[in-house]
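**Student:** what follows is a predicted structure for the sequence shown.
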Amino acid sequence: MSLSLASAPAAPALVSASFAERFAAVRAQTEALCRPLLPEDTVVQPVIDVSPPKWHLAHTTWFFETFLLKEHLPGYEVFHPQYAYLFNSYYNSLGSRVNRADRGTLSRPPLADVYAYRAHVDRHMQQLLASYTDDAAPFAEVMELGLQHEQQHQELLVTDIKYILSTNPLAPSYWPAEQPAPAASAALPPASWLAVPGGLGRIGYQPEAGDAAGFCFDNEQGVHTVYVEPFEVQNRLVTNAEYLAFVEAGGYQDFRYWLGEGWDLVQAEGWQAPLYWVRPEAADGPWQRFTHHGLQPLDPAAPVTHISFYEADAYAHWAGARLLTEAEWELAARHFAPDAAAGNFLESQRYDPAPLPADAAPDQCHQLLGDCWEWTYSAYHPYPGYQKAPGALGEYNGKFMINQLVLRGGSCATPASHIRLSYRNFFHADKRWQFTGIRLAR
């Protein structure tokens, strides 16, 4: 996932008493995600987009040490003088660092030392949170940002671990053998088209969006008015069965459905199906997918995922529809006002998009939050009035606002408390390793 760190809006004047509890819970969740792994699993970096789990564990710790402990805890001594070089991500203003593509070369420090680093920082953070009682709005903003940042890395851990294990010829399961994979669905969920009125609307971070923490990234700021024509949106995400029909109809062999860059990529990479799909050995055999449970039968009713923007757009053309724009997505989401708690998020521990029940109401808009990040046909650009945050924390958004596309809605790897209707994720058009999916419009 592309990280979108920036300054938060105004926070409460005093440090929230809940910070200590939230800090402990978020840090514990990160370690719980890594617990099923072998130490050897935590060092692997198969491609540049994927960071080793050990690096995630250390980088999130470096964030709290660098931006909070060193700044606010008198007398604090860093755990190791070279960790700032090893575990800085891409903050140019904070000095040189290990190249992103070389994170998998860090066999040292050993995993045990990284956990000792986490324990050291956690202990001092609790000391800081217990003693910091000054009028501390700037402190609270950075503290909230640190928690949100680690939640972003929890999502990255789920997706990166899946990619790492998928490259192993043994197709290992992340879960222990006694934890079975979810059963395949018995029936396809219904699909229908829902009308969204056109006209003027407001998009961007708005407190009434239901974000209890009162937090957003700076790329969501600049609430502004947009105009859209009336349109229709499909009431759910595109399923594996529907996408399989595109595959079996020769969609990956027909240039007519593809953007030029996408078609070139399909030919160059030999794509024939979404990432993690495994062709049956027999011509009429069942398809499989690599999941956190290893290879499993393709669930026809579950949302299709791990597809690039090019694949999403090609499918939409084949289906006689199109993708939503970013503004259409947010206005539709506000129109149907989904309940974030009802989605399939990290907390479900499914780590895969969930099918809708066969009796899901066709007149309701489902899966807007959770399950899959939804590709939009909108470039990742700043909103009107956007201002990059000052200092090092301003590096995470503004400099990435080029050559990427916006995704909305969160996924099955997103913590439920981390998503909101205005959240803007962004990837390059060719990326497939995240839980990305399709919602059709017309």
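**Tutor:** Ah, there it is.
**Student:** show me where the chain has helices.
**Tutor:** Defined through DSSP state H, the helices belonging to the chain, from first to last, are 19-34, 53-64, 70-72, 83-87, 111-131, 137-166, 240-248, 260-269, 309-318, 326-336.
**Student:** now the first one: buried residues?
**Tutor:** Right, helix 19-34. For helix 19-34, the neighbour count (16 or more other CB atoms under 10 Å) marks 19, 22-23, 26-27, 29-30, 33-34 as buried. Every C-beta, even on glycine, is put in place using the N, C-alpha and C of the backbone.
**Student:** turn the residues you listed into TSV, columns for pLDDT.
**Tutor:** As requested, those are arranged in TSV below (pLDDT from 0 to 100):
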residue	pLDDT
19	91
22	94
23	96
26	97
27	98
29	98
30	98
33	98
34	98
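**Student:** between those, which sits nearest residue 318?
**Tutor:** residue 33 (36.4 Å; CB to CB).
**Student:** tell me how far that closest one lies from residue 440.
**Tutor:** Counting by CB to CB, to the nearest Å, the gap from residue 33 to residue 440 is 32 Å.
**Student:** repeat that for residue 88.
**Tutor:** Between residue 88 and residue 440 the computed distance is 41 Å (CB to CB).
**Student:** the two: which has the busier surroundings?
**Tutor:** When neighbours are counted by other CB atoms under 10 Å, residue 88 and residue 440 differ, and residue 440 comes out ahead with 23 against 19.
**Student:** surely the more buried one meets residue 317?
**Tutor:** No: counting by CB atoms under 8 Å, residue 440 sits too far from residue 317 to count as a contact (10.6 Å).
**Student:** what's the neighbour count on the nearest residue to residue 346 once chain neighbours are set aside?
**Tutor:** Nearest residue to residue 346 in three dimensions, chain neighbours excluded: residue 415, at 4.8 Å (CB to CB, 6 or more residues apart in numbering). The tally of other residues near residue 415 (other CB under 10 Å) stands at 19.
**Student:** residue 333 contacts residue 410, correct?
**Tutor:** No: no contact is recorded between residue 333 and residue 410 when judged using CB under 8 Å, the distance being 11.1 Å.
**Student:** confidence score at residue 306?
**Tutor:** As predicted, residue 306 sits at a pLDDT of 98.
**Student:** let me redo that: residue 92
**Tutor:** Predicted confidence (pLDDT) at residue 92: the value is 81.
**Student:** and it, what is it in contact with?
**Tutor:** Neighbour list for residue 92: residue 395 [criterion: CB atoms under 8 Å, 6 or more residues apart in numbering].
**Student:** returning to what we had before: quick check: neighbours shared by residue 333 and residue 410?
**Tutor:** Looking at what touches both residue 333 and residue 410 (by CB under 8 Å, 6+ apart), the common residues are residue 369.
**Student:** with neighbour numbers in mind, choose between those two.
**Tutor:** residue 410 (28 against 24).
**Student:** contacts only, for the closest residue to the more buried one other than its chain neighbours.
**Tutor:** Distance criterion CB to CB, 6+ apart; nearest residue to residue 410, sequence neighbours excluded, is residue 419 at 3.8 Å. When contacts are counted by CB under 8 Å, 6+ apart, residue 419 is found next to 340, 343, 345, 369-370, 409-410.
**Student:** what's the residue nearest to residue 346 in contact with, if anything?
**Tutor:** 29, 151, 154-155, 345-347.
**Student:** and it, what pLDDT?
**Tutor:** At residue 415, the predicted lDDT confidence score is 96.
**Student:** repeat for residue 282
**Tutor:** For residue 282, the pLDDT comes out at 74.
**Student:** how many neighbouring residues does it have?
**Tutor:** 7.
**Student:** residue contacts, it?
**Tutor:** Counting by CB under 8 Å, 6+ apart, residue 282 has no contacts.
**Student:** how close does it get to residue 299?
**Tutor:** 20 Å.
**Student:** just checking, residue 412 touches residue 349?
**Tutor:** No: with contacts defined as CB under 8 Å, residue 412 does not count as touching residue 349, sitting 9.5 Å away.
**Student:** just give the nearest non-adjacent residue to residue 292, would you?
**Tutor:** What sits nearest to residue 292 in space, not counting adjacent residues and going by CB to CB, 6+ apart, is residue 174, at 4.2 Å.
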